[in-house]
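In: A structural model of the following input is requested.
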Amino acid sequence: MYTTIQFIHSYWAYLVLLIVVLATINALAGFFSKREYSAKDFRISLFALIVTHIQLLIGLVLYFVSPLGLQNITTNGMGAVMKDSVSRLYAVEHPMVMILTVVFITIGYSKHKKKLLSSKKFKTLAIFYTIALVLMLSRIPWSQWF
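Out: Numbering: from 1, shown residues only. All right, here's what the predicted structure looks like:
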């Protein structure tokens, strides 16, 4: 079960990264080009929201079944986990920062729906999705990706 969930989480992450990059670029391009917000822009931002939430659910399941997640903390103690950079990344940093990433995407998506002007919609999405993307890029376990 662990290897299957890890496989799904790892490969879904490529899709999440691609879509969040696309949504961020779309929001920034829309804001700087001052174009009208369209249904396509809505769908791109919504799809980013959906794939990140699915990844969060997969990641939470993985956190509880993985020997690198909660099991590592309960077995070795928080002090030992925090002293080892790899253990800290998988058990603490990656989960917390990715939860923050999903929170920023959710807030940005929710706030942009309340805006009436296209420029304000794009600005809100650009700010929150860019913060989320930077956070996401900061805590991806790159050694596992390449």
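In: which stretches of this structure aren't confidently modelled?
Out: Per-residue confidence for the chain (pLDDT under 70) gives these ranges: 145-146.
In: And the helices in it?
Out: 2-33, 39-65, 70-76, 78-83, 85-88, 94-114, 118-138, 142-145 (DSSP state H).
In: Deepest-packed of those helices, please.
Out: Mean neighbours per residue, mean count of other C-beta atoms under 10 Å, is largest over the helices of the chain for helix 118-138, with a mean of 20. Using the backbone N, CA and C atoms, a C-beta is placed for each residue, glycine as well.
In: Remind me what it packs against, helices and strands.
Out: When contacts are defined as 3 or more C-beta pairs under 8 Å, 6 or more residues apart in numbering; DSSP states H and E, helix 118-138 packs onto helix 2-33, helix 39-65, helix 94-114.
In: quick one, what contacts the residue minimising distance to the centre of the chain?
Out: Centroid-nearest residue in the chain, with C-alpha atoms, centre = their mean: Thr101, separated by 4.4 Å. Contacts of Thr101 were listed using C-beta atoms under 8 Å, 6 or more residues apart in numbering, and they are 52, 132-133, 135-136.
In: And for Arg35?
Out: Arg35 is in contact with 29, 118, counting by C-beta under 8 Å, 6+ apart.
In: Torsion angles phi and psi at it?
Out: phi -90, psi 170 (degrees, to the nearest 10).
In: Offset the numbering so it begins at 30, please.
Out: Okay, residue one is now 30; in that scheme the one you just asked about reads as Arg64.
In: could you measure it against Thr153, distance?
Out: As judged by C-beta to C-beta, to the nearest Å, Arg64 and Thr153 stand 15 Å apart.
In: Touching, Ile160 and Ile134? I think so.
Out: No: in this structure Ile160 lies outside contact range of Ile134 using C-beta atoms under 8 Å: 9.1 Å.
In: before we move on, the earlier item: in JSON lines: the helices and strands packed on helix 147-167, plus distance to Ser114.
Out: Output for the helices and strands packed on helix 147-167, formatted as JSON lines (distance: least, C-beta to C-beta, whole Å):
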{"stretch": "helix 31-62", "distance to Ser114": "20"}
{"stretch": "helix 68-94", "distance to Ser114": "18"}
{"stretch": "helix 123-143", "distance to Ser114": "12"}
